[in-house]
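**Q** missing the sequence, but the structure's below:
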């Protein structure tokens with residue numbers, strides 16, 4: 001089903017053995033996806049995640065952009081292959097040659113402007129996973145329209161499982177267990 005949609009990006013997490021390489025999605029999924037993005041995160045000396053590397057140079061996959069950034073750039077029409085990168089900024093151009101500059105922290109990392117949406121009724125988390133599963137069942141029976149909530153939005157699905165291996169949560173400036 002991934003191939004039916006032209007905007008599906010898959011995560012490539014860091015190798016849990018500590019090597020400076022990513023674990024690529026399985027080949028059949030990778031073949032159908034619009035792209036991949038890394039899920040590498042760093043924490044500062046105090047254990048808080050405040051920044052993320054926008055680019056990971058993988059020995060096997062080459063240049064891999066941060067998952068959320070790769071999705072957003074694709075959605076906005078920015079060409080990541082022609083990006084100009086230095087430790088202080090990234091310059092991107094869209095199809096109309098408009099340029100955007102994204103400031104970095106001097107070490108090539110994006111400083112994440114954390115905010116919480118936990119109480120916002122417009123968020124999927126507030127609506128419940130059962131509505132998503134119900135919508136998938138409707139589409140499986142021939143329904144063609146996605147739920148209004150997903151219309152023209154980027155959707156990044158993560159895991160909030162309790163095991164560190166599957167959890168996309170951790171300490172940030174706004175809490176000790178914030179979804180990444």
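**A** Looks like it came in fine. Everything numeric here is computed off the predicted structure, so don't read it as measured data.

**Q** flag every buried residue along the helix or strand harbouring residue 75.
**A** In this assignment (DSSP states H and E), residue 75 forms part of helix 67-76. Neighbour counts over helix 67-76 (16 or more other CB atoms under 10 Å) mark 67, 68, 69, 70, 71, 72, 73, 74 as buried. (C-beta placed from N, C-alpha, C; glycine too.)

**Q** distance of residue 39 from residue 84?
**A** 24 Å (CB to CB, to the nearest Å).

**Q** more neighbours: which of the two?
**A** Between residue 39 and residue 84, counting by other CB atoms under 10 Å, residue 39 is the more crowded of the two (21 against 11).

**Q** what's the span of stretch 27-36, first residue to last?
**A** Start-to-end span of stretch 27-36 (CA to CA, to the nearest Å) is 12 Å.

**Q** tell me the average confidence for it?
**A** What stretch 27-36 shows for mean pLDDT is 86.

**Q** which parts of that stretch are buried?
**A** For stretch 27-36, the neighbour count (16+ other CB under 10 Å) marks 33, 35, 36 as buried.

**Q** and the end-to-end length of stretch 73-82?
**A** The first and last residues of stretch 73-82 sit 12 Å apart, counting by CA to CA.

**Q** can you get me a residue count around residue 81?
**A** Residue 81 has 6 neighbouring residues, counting by other CB under 10 Å.

**Q** how are the helices of the protein distributed by residue range?
**A** Ranges of helices within the chain are 27-32, 67-76, 124-127, 129-140, based on DSSP state H.
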